[in-house]
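# show me the folded form of this:
(chains A and B)
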Amino acid sequence: MSVAESSYPRVLIAEDESELLEALRDMIESKGYEVVAATTQGGEAVDIAHATKPDLALLDYRLPGVDGVAITRAIKATSPNTQIIMFTAYDEMSLSIDATQAGVFAFLVKGCPPSLIIQALESAWEFKQELDAAGLGAAREN
Amino acid sequence: MTGTSLHPAPAADVAAGSKPQRAARPRRRVASPGVSPSGRVLHVLLVAGLAAVTGYSFFREPLQIAIATSALFILVIVRMSLMLLHLQRAGATERDLATIVETSSDAIIGETLEGIVTSWNGAAEAMYGYAATEIVGRPMSLLLPPAAEDDLGPNLERIRQGKRVDRYTTTRMMKDGGLIDVELSVSPTRDAEGAVTGGAVIARDITEKVRSQEKLAMLQDARAKLLERTISAGEQERKMLAAELHDGPVQHLTALDVKLETLRERIGPVTPGSTVLVERLQRGLQKSILELRRLMVGLHPPALRERGLRPALADYLAGIQRSSDIDCHLEVALPSRLHADIEITLYRIFQEALMNVIKHSGANNVWVTLSTDEGHADLVVQDDGGGFGVDSPEGATSMGEHYGLIGMRERAEMVGGIWELSSSDRGTRVHVRLPMEVTS
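Got it, this is the predicted structure:
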């Protein structure tokens, strides 16, 4: 697949339910992504993102400490090219608007086919590569 | 007050500086029409004089003078007869009034301008426990409870000025020391010349009425608190259930779905139908998650707490728009966030009203407006459906139980608001108006 051919996109996963966190890690790694970190804590996700500057981040909305929208803002502030996918149980239009305004690439609601998560990661990775190639956002990341 | 002694004190002892000898003499304070005693003496002297002059003139004077004198005499006799008749009637009126006073269910008390009791009817005896013989000649202040505001002085001052004291509510003390709530009014009494001589106090025992009102207020307060606790407990329960659903089944089922996805990818089609079977399993899981998600948000919408009423209403209507044929229209004009209790109350009423629209109205459109006006928030949910009968009390009760109307009204009333419903074959309108600040 395209992801495996073009180096290994580095993914951060933040999900407070450990069983789901492991299932997501397993699925994403099976598709050729490198999971740089998987955490159940919101604050830790921000620290890891600042330290590792992942290509992609799959974030739950409701996390202990900091919510997904705040984490998105924090990541975007230091790593604007990192593409974020929000994966939440809350199917709320107002939340999706907030998340999109914070810079989320895709907003997925739990209960959607898991293949959509992979599709979203692929699209986000392609977008990230185009940004990197165009040199957009690089100055901020440095 | 001068004391609470139960024994009649000499009049001179009870009101220093007053005129006890006048006050001690019980007398009725009903002003009577008629002539004064000096007037009566004058009339008698006049009649006697005229009779003498008439008799003399018949024997001594010419015929014309005798006739004139006799006519004058007859005139005076007629005048006197009329006057006597008038006085008899006045006496009857006085007796009638006395009967009315005595049989009145209100206490009627006469007092001097110094506040000394001069008359005391049966109702006063029953109300305060003093017999007329015990209290007449003693000060009204005997009836004043120690802790009560002394309103006797101002009342007497008004009476001295010839003014009424309009009905007001106060507390008085009975002979046994017990307190009663009374409604009092005081009117000036006057003598034949119109001079104010004292006051007529009319008192009504409203102890039972006050107790009933207090009991009613207590019951209403208890009901409001119970409702508040019930609703608050209900909200807590909903929040907890939503959290349980979020942290438990929704996450576990999602994890299962993701694991199945990985499994399906890894093992490939083991048998011809195996992939289809796994996909069906996944769709079943996804449907369950969807149902649980809806339930979760319905139980406790995070948007309401985190982003406010407008986003929460918009989310809910977006869900209806997606899952039904009803066109939803939302108009919100809120200057800021409202008190949390008001927001949750408005949201729950909105939710209940929308549920009725979806289930029962057959509407094509629903309009939701939320606005503020003079410290109040107004929410209106209106549809263009078939409506339902709320005209008859029976119908309204039945509908109330069936459509959760009572619950909506109770929620509104609990935070000091009002809730109205109107329905016809052109649609149903629910209007709720709540104070923007919680007062209960």
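# which positions within the host helix or strand of residue B:154 qualify as buried?
Secondary structure assignment for residue B:154, by DSSP states H and E: helix B:152-160. Residues of helix B:152-160 classed as buried under the neighbour-count rule (16 or more other CB atoms under 10 Å in any protein chain shown) are B:152, B:155-156, B:158-159. No exception for glycine: its C-beta is placed from N, CA and C like everyone else's.
# from the residues you listed, pick the one nearest residue B:419.
Comparing those against residue B:419 with CB to CB picks out residue B:155 as the nearest, at 45.4 Å.
# pretty sure the closest one contacts residue B:186?
Yes - counting by CB atoms under 8 Å, residue B:186 is a contact partner of residue B:155 at 5.3 Å.
# what touches both of these two?
B:165, B:199 (CB atoms under 8 Å, 6 or more residues apart in numbering or on different chains).
# secondary structure element for residue A:48?
Assigned by DSSP H and E, residue A:48 falls in helix A:42-52.
# what about that helix, near chain B?
No - remark: helix A:42-52 sits outside contact range of chain B, by CB under 8 Å from any CB of the partner chain, the gap being at least 14.6 Å.
# ok now that helix, how far from the chain's centre?
12 Å (CA atoms, centre = their mean, to the nearest Å).
# mean confidence for the next helix or strand after that helix?
Moving toward the C-terminus from helix A:42-52, the next helix or strand (DSSP H and E) is strand A:56-59. Average pLDDT, strand A:56-59: 96.
# and stretch A:62-77, by the same measure?
On average, stretch A:62-77 scores 91.
# in the chain, which spans are strands?
Picked chain A for this. A:10-14, A:34-39, A:56-59, A:83-88, A:106-109 (DSSP state E).
# that was the other one, I meant chain B.
B:107-112, B:117-120, B:165-173, B:179-190, B:196-205, B:327-333, B:365-373, B:376-383, B:418-424, B:427-435.
# output the shortest one as CSV, nothing but the C-alphas.
It refers to strand B:117-120. Taking C-alpha atoms only, strand B:117-120 is exported to CSV below (Å, rounded to 0.1, in the frame of the first residue of the first chain):
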residue,chain,number,x,y,z
VAL,B,117,-62.3,49.9,76.5
THR,B,118,-65.9,51.1,76.7
SER,B,119,-67.9,48.4,75.0
TRP,B,120,-67.1,44.7,74.3
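# ok, how many other residues are close to residue B:236?
Residues lying near residue B:236 (other CB atoms under 10 Å in any protein chain shown) number 11.
# mean pLDDT and distance to chain A added to the strands of chain B, as a markdown table?
A markdown table is the format used below for the strands of chain B (pLDDT from 0 to 100; distance: least, CB to the nearest CB, whole Å):
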| stretch | mean pLDDT | distance to chain A |
| --- | --- | --- |
| strand B:107-112 | 94 | 68 |
| strand B:117-120 | 94 | 75 |
| strand B:165-173 | 91 | 54 |
| strand B:179-190 | 92 | 56 |
| strand B:196-205 | 93 | 61 |
| strand B:327-333 | 94 | 11 |
| strand B:365-373 | 94 | 15 |
| strand B:376-383 | 94 | 18 |
| strand B:418-424 | 90 | 26 |
| strand B:427-435 | 93 | 22 |
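# any chance of those strands in CSV, plus mean neighbour count?
Converted to CSV, those look like this (neighbours: other CB atoms under 10 Å in any protein chain shown):
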stretch, mean neighbour count
strand B:107-112, 24
strand B:117-120, 24
strand B:165-173, 16
strand B:179-190, 19
strand B:196-205, 21
strand B:327-333, 14
strand B:365-373, 17
strand B:376-383, 21
strand B:418-424, 16
strand B:427-435, 21
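# distance to residue A:108 added to these, as a markdown table?
Output for the strands of chain B, formatted as a markdown table (distance: least, CB to CB, whole Å):
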| stretch | distance to residue A:108 |
| --- | --- |
| strand B:107-112 | 81 |
| strand B:117-120 | 89 |
| strand B:165-173 | 68 |
| strand B:179-190 | 69 |
| strand B:196-205 | 75 |
| strand B:327-333 | 24 |
| strand B:365-373 | 28 |
| strand B:376-383 | 32 |
| strand B:418-424 | 39 |
| strand B:427-435 | 36 |
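# looking at those, which is nearest to residue A:52?
Per CB to CB, nearest to residue A:52 of those: strand B:327-333, 42.1 Å.
# partners of the closest one in the sheet?
According to DSSP bridges, strand B:327-333 has the following sheet partners: strand B:365-373 (parallel).
# and the strand it pairs with, how far out from the chain's middle?
That offset, for strand B:365-373, works out to 32 Å (CA atoms, centre = their mean).
# swap in stretch B:194-202?
Worked out by CA atoms, centre = their mean, stretch B:194-202 lies 33 Å from the chain centre.
# quick one: contacts of it?
The contact list for stretch B:194-202 (CB under 8 Å, 6+ apart) reads B:29, B:106-113, B:118, B:140, B:155-156, B:159-160, B:162, B:184-191.
# closest one of the buried residues of helix B:152-160 to residue B:292?
Residue B:292 has its nearest neighbour among the buried residues of helix B:152-160 in residue B:155, at 72.5 Å by CB to CB.
# show me what contacts the closest one?
By CB under 8 Å, 6+ apart, the contact list for residue B:155 reads B:165, B:186, B:199.
# could I get the residues you listed in TSV, plus columns for distance to residue B:98?
Output for those, formatted as TSV (distance: CB to CB, whole Å):
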residue	distance to residue B:98
B:165	23
B:186	20
B:199	18
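# quick one: low-confidence ranges for the chain?
All of this is about chain A. Filtered on pLDDT under 70, chain A yields the residue ranges A:1-6, A:136-142.
# ah, I was thinking of chain B
Short version for chain B, where the test is pLDDT under 70: B:1-44, B:46-47, B:50, B:53-54, B:56-61, B:87-88, B:90-92, B:148-149, B:389-403, B:438-440.
# around chain A, which positions in it sit nearby?
Near chain A, when you scan chain B using CB under 8 Å from any CB, you find B:246-247, B:250-262, B:265-266, B:282, B:286-287, B:289-290, B:293-294, B:296-297, B:301-303, B:307, B:311-312, B:314-315, B:318-319.
# which of those fall in helices?
Among those, the members found in helices (DSSP state H) are B:251-262, B:265-266, B:282, B:286-287, B:289-290, B:293-294, B:296-297, B:302-303, B:311-312, B:314-315, B:318-319.
# show me which of those are buried.
Here, 16+ other CB under 10 Å leaves B:251-262, B:282, B:286, B:289-290, B:293, B:296-297, B:302-303, B:311-312, B:314-315, B:318-319 buried among those.
# contacting residues for residue B:288?
B:249, B:253.
# just give me the residue right at the centre of chain A.
When CA atoms, centre = their mean is applied to chain A, the residue found nearest the centroid is residue A:57 (1.8 Å).
# quick one, longest helix in chain A?
Chain A, longest helix under DSSP H: helix A:114-134.
# with chain B instead?
Under DSSP H, chain B gives helix B:63-103 as its longest helix.
# residue B:178 and residue B:206: what is the separation?
15 Å (CB to CB, to the nearest Å).
# what of residue B:156?
With the distance defined as CB to CB, residue B:156 ends up 23 Å from residue B:206.
# hang on, the earlier thing: the helix holding residue A:48 vs strand A:34-39, what angle?
Between the axes of helix A:42-52 and strand A:34-39, defined by axes from the mean of the first three to the mean of the last three CA atoms, to 10 degrees, the angle is 150 degrees.
# right, I'll call it a day here.
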